[in-house]
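>>> Would you be able to build a 3D model of this:
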Amino acid sequence: MNKESFASRLVFFCNKVLALVTILAYILPFLAPKLFPFLSVLTLILPFFIVLNAIFFVFWALQLKRKMILSGLVLFFGITFVSKLYKFSETDLPKESTDFSLMSYNVRLFNLYEWLPAKDIPEQITEVIQDYNPDILCLQEYSPNDKVRLRNFPYKFIEVDGGKNKYGQAIYSKFEIVNKGEIDFPNSSNNVLFVDVVNQKDTIRVYSMHLQSIKISTDIHEKIDENKSKFIFKRISEAFSEQQLQAEMIKEHYNSCKYPKIICGDMNNSAFSYVYRTIKGEMKDAFEMAGTGFGKSYNFDFYPARIDYIFTENEFEIKEFKNNTKVKLSDHFPIYTRVSLEKK
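Numbering: from 1, shown residues only. Below you'll find the model as predicted:
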């Protein structure tokens, strides 16, 4: 019997460490970030752990070694996380007269501070919205701009704050808005808007959320040393703690609503987080139901980040979901869904 090589033992040791960390990351969505703020950062890189476990599984399988069982079990127990990471096929059901559509888009103030060199960003964003022609439109990081002309929405609810350059959120609707309001987060400029709209005699509650940002640049090219890494981890963990409170406030609010509900917007967190689990609850994730690929919604160079979501209650049938990564007019990409409300 040949003695196992040192290299093989070292690789399997790394495999075991990875398996342990991955299992820990599986558990973290069930634990409040305030309890383990630094550990909660692991949920952001859980997709990398899943991919590495898959690589280890294939590595050992090709050698016909039983060591593949370890990563195989890790992947098996994390199958629900895998489905949140990548969808192999999409749904696009035929349109019916009862369908309606919703679009959510963080427009980054319509390029107010000229992050992008193009001078016609507001006009281009207007064209994108007109092309999708949604029945309900939710805009985060909204700023009043005369160049943005959304004429096909007779109803709207806009809440902005600030001095000379105001910013906030906006909800536009082709359906009558019969009620509206706001969830203010303590010690934060972020918030949630909600409206009740009437569509074919059905009243529907729509929430547009914008949670605390982790404030990491979309193009990190400078060298990241130890101090920089500690700073980033501290910033992320603090943001996650803030998001925990915000998510719990949203959940408490929508639990008191008797109407069928849709929640959309910029969560600034991954689908593997406590915040996602808290807000989504028993709702459907439109991407998981009808999307394809990674569902990327944030323009980050090194990671297919999905931090913008559309959730619906079970009364809705999700017939289509799109995330348009070709529209690079903001640091986010627009997301779109078509749904119908099932009659009881």
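
>>> Now for the residue lying closest to Asn53 once chain neighbours are set aside, how many residues are close by?
Nearest residue to Asn53, sequence neighbours excluded (C-beta to C-beta, 6 or more residues apart in numbering): Ser71, at 4.3 Å. C-beta: built from backbone N, CA, C; applies to glycine. When neighbours are defined as other C-beta atoms under 10 Å, Ser71 has 25 of them.

>>> and after the one helix or strand Ser71 maps to, which helix or strand comes next?
Assigned by DSSP states H and E, Ser71 belongs to helix 68-77. Moving toward the C-terminus from helix 68-77, the next helix or strand (DSSP H and E) is helix 79-85.

>>> Give me the contacts around that next one.
Around helix 79-85, the neighbours that count as contacts under C-beta atoms under 8 Å, 6 or more residues apart in numbering are 26, 46-47, 50, 75, 271-272, 285, 288, 294.

>>> Secondary structure, pLDDT and distance to Lys84 for those - can I get that in TSV?
Putting the contacts of helix 79-85 into TSV (DSSP: H, G, I helix; E, B strand; the rest coil; pLDDT from 0 to 100; distance: C-beta to C-beta, whole Å) gives the following:
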residue	secondary structure	pLDDT	distance to Lys84
Tyr26	helix	94	12
Leu46	helix	91	9
Pro47	helix	89	9
Ile50	helix	93	10
Leu75	helix	94	14
Ala271	coil	95	4
Phe272	coil	94	7
Asp285	strand	97	7
Glu288	helix	95	6
Phe294	coil	94	10
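
>>> what's the nearest residue to Glu21 if we skip its chain neighbours?
You called it Glu, but residue 21 is Val. Spatially, and ignoring its direct neighbours in sequence, Val21 is nearest to Phe49 (6.4 Å; C-beta to C-beta, 6+ apart).

>>> Surely the one you found touches Thr22?
Yes: the criterion here is C-beta atoms under 8 Å, and Phe49 meets it with Thr22 at 4.2 Å.

>>> can you give me the helices for the chain?
6-27, 46-62, 68-77, 79-85, 108-111, 121-132, 226-255, 274-280, 286-290 (DSSP state H).

>>> For Asn324, which of those is the nearest?
Taking C-beta to C-beta, helix 121-132 is the member of those nearest to Asn324, at 7.6 Å.

>>> burial measure for Glu159, as a count.
By the criterion of other C-beta under 10 Å, Glu159 has 18 neighbours.

>>> typed the wrong thing, it's Thr98
The burial count for Thr98: 14, using other C-beta under 10 Å.

>>> residues in contact with it?
Counted by C-beta under 8 Å, 6+ apart, Thr98 has contacts 200, 340-341.

>>> just checking, which of those belong to strands?
340-341 (DSSP state E).

>>> In this structure Arg235 contacts Ser241, no?
No: with contact defined as C-beta under 8 Å, Arg235 does not reach Ser241; the gap is 11.1 Å.

>>> tell me the domain ranges of the protein?
Domain assignment for the chain by automatic domain parsing gives 6-85, 100-341.

>>> State the pLDDT value of the spatially closest residue to Ala271 that is not a sequence neighbour.
Excluding the flanking residues, the one nearest Ala271 by C-beta to C-beta, 6+ apart is Lys84, at 4.1 Å. Predicted confidence (pLDDT) at Lys84: the value is 87.

>>> quick one: Lys84 and His332, what's the gap?
Taking C-beta to C-beta, to the nearest Å as the criterion, Lys84 is separated from His332 by 19 Å.

>>> who has more neighbours, those two?
The neighbour count for Lys84 versus His332, taken as other C-beta under 10 Å, is higher for His332 (25 against 19).

>>> With adjacent residues omitted, what lies nearest to Gln212?
Once flanking residues are discounted, Gln212 sits nearest to Glu242: 4.1 Å by C-beta to C-beta, 6+ apart.

>>> for Leu150, same thing?
Using C-beta to C-beta, 6+ apart, the nearest residue to Leu150 is Tyr172, at 5.6 Å.

>>> State the distance from the one you found to Phe76.
Where Phe76 is concerned, Tyr172 sits at a distance of 44 Å (C-beta to C-beta).

>>> try Met68
12 Å.

>>> who's more crowded, those two?
Met68 (18 against 10).

>>> can I assume the more buried one is in contact with Ala54?
No: using C-beta under 8 Å, Met68 makes no contact with Ala54, being 10.7 Å away.

>>> Figure out which of the domains of the chain is closest to Pro94.
Across the domains of the chain, closest to Pro94 is domain 100-341 (C-beta to C-beta), at 8.1 Å.

>>> Just checking the distance from that closest one to the centre of its chain.
8 Å (C-alpha atoms, centre = their mean, to the nearest Å).
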